[in-house]
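Engineer: fold the following, please.
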Amino acid sequence: MQHRILIIGVGSIGERHTRTFQRTGRAELSICESREELRKTVAERYGIRRAYAGLDEAMSDDNFDVGLICTPSHLHIPMATQLVKAGKHVFIEKPLSLSLYGISELMGLVKGKGVKSAVAYTYRSHPALRSMKEAIDSGRFGEPVQVIGTWGQHFPKYRPAYREIYYTSRKTGGGAIQDVLTHAINAGEFLVGPVSKLMADCGHQVLEGVTVEDTVHVITRQNGDKVMGCYSLNQHQAPNENAVMVICKKGTAKWDLNNARWMSMAEPDAGWKVEFEFSTERDDIFVNQANLFMDAMEGKGQFACTLEEGLQTLRVNLTVLQAADKPNWQPLVAVPG
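Structural biologist: All right, here's what the predicted structure looks like:
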């Protein structure tokens, strides 16, 4: 079955989706991009026959069934709403939005129109993370009691254009919280359940040329307050490190994104046991995401991240922003006398 997919916005992430959906051999792609030079370049690079300058133009041509929205985050809900009203399925890049405005209407339209929807939190499609979740859910390690996310990357090396793109403003989805911490939180919620409450701190510590936060600390309660969580992220350290560890009553599991594997340890000093390894080629995760999405479209499994789950993580994003901007610091107890 060939899925007719319109990729809306072909900047960095949109081009990656174009490339990786094409690799599946299961999709007939068209693109929509307002920047003429970029539109022509991507169309020529991947042999895309239909390339539109705007969403209205693409919808009037009506040669797609799914809209994959890769525009800046503040445009996600208006575009998704327009697509769903026309009876199109939607696959929305993370985060779902930058506010809750319009989401209830969108969810009502999705239900009323009988269309399908999902949010592209890529790591939920990572085979190693999915394998680790299966092991945790099986009860093999006992009940989860703590989750720890440790993330860091050197933006000047890995994302040198950060000063010129959406990252420079929270209004377009920038800053460490909305840009990357959201991935860590979403992965943690996938593994042990939704966040119910949190405390947070953030700051602009190092990155030159921007004023948004580049360092964040969050502590959470998850899964009905049964699981304690903490997430640490910065975008300036030399080590490229992305890991989520789940501590359970009978053992510990750790997902290591950089080495594309997960490991376990059940006894002290036993050493880590590698349980599952996957390709370290970044595009392979996105190919897997594309295949899982199309499987779900065909009724062969569930979407990796539903619209409801994307909304849950958005609520966490917004709460972290609020809590981090006004942290409730406690002074040290005074020394008597």
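Engineer: host element of Asp56?
Structural biologist: Assigned by DSSP states H and E, Asp56 belongs to helix 55-61.
Engineer: which residues touch that helix?
Structural biologist: The contact list for helix 55-61 (Cβ atoms under 8 Å, 6 or more residues apart in numbering) reads Leu6, Ile8, Ser30, Cys32, Arg50, Tyr52, Phe64, Met79, Gln82, Leu83, Ala86, Lys88. (Glycine included, C-beta is placed from N, CA and C.)
Engineer: ok, so what distance separates Phe276 from Gly193?
Structural biologist: 22 Å (Cβ to Cβ, to the nearest Å).
Engineer: now the buried members of the contacts of helix 55-61.
Structural biologist: Buried members of those, scored by 16 or more other Cβ atoms under 10 Å, are Leu6, Ile8, Ser30, Cys32, Arg50, Tyr52, Phe64, Met79, Leu83, Lys88.
Engineer: and of the contacts of helix 55-61, the nearest to Met107?
Structural biologist: Met107 lies nearest to Leu83 out of the contacts of helix 55-61, by Cβ to Cβ, at 13.8 Å.
Engineer: before we move on, back to that, what about the contacts of helix 55-61, which are in strands?
Structural biologist: Secondary structure from DSSP state E places Leu6, Ile8, Ser30, Cys32, Tyr52 of those in strands.
Engineer: can I get these in CSV including distance to Gly142?
Structural biologist: Shown next, in CSV, are the ones in strands among the contacts of helix 55-61 (distance: Cβ to Cβ, whole Å):
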residue, distance to Gly142
Leu6, 46
Ile8, 44
Ser30, 49
Cys32, 49
Tyr52, 53
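Engineer: want to throw the residues you listed into CSV with pLDDT?
Structural biologist: Putting the ones in strands among the contacts of helix 55-61 into CSV (pLDDT from 0 to 100) gives the following:
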residue, pLDDT
Leu6, 98
Ile8, 98
Ser30, 98
Cys32, 98
Tyr52, 98
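Engineer: of these, closest to Met297?
Structural biologist: Using Cβ to Cβ, the ones in strands among the contacts of helix 55-61 come closest to Met297 at Leu6, 14.1 Å.
Engineer: list the contacts of that closest one.
Structural biologist: Leu29, Ser30, Ile31, Cys32, Tyr52, Ala58, Asn63, Phe64, Val66, Gly67, Leu68.
Engineer: give me the distance between it and Thr220.
Structural biologist: 36 Å.
Engineer: give me the neighbour count for Thr24.
Structural biologist: Using other Cβ atoms under 10 Å, the number of residues around Thr24 comes to 16.
Engineer: so it touches Gln289, yeah?
Structural biologist: No. At 10.0 Å, Thr24 does not count as touching Gln289 under the criterion of Cβ atoms under 8 Å.
Engineer: just the closest of the contacts of helix 55-61 to Ala238, please.
Structural biologist: Nearest member of the contacts of helix 55-61 to Ala238, counting by Cβ to Cβ, is Ile8, at 35.8 Å.
Engineer: beta partners of the spatially closest residue to that closest one that is not a sequence neighbour?
Structural biologist: Nearest non-adjacent residue to Ile8, counting by Cβ to Cβ, 6 or more residues apart in numbering: Cys32, 4.6 Å away. Note on Cys32: beta-bridge partners by DSSP bridges are Ile8, Tyr52.
Engineer: which residues touch Cys32?
Structural biologist: Residues near Cys32 by Cβ under 8 Å, 6+ apart: Leu6, Ile7, Ile8, Gly9, Val10, Ala51, Tyr52, Ala53, Gly54, Leu55, Glu57, Ala58.
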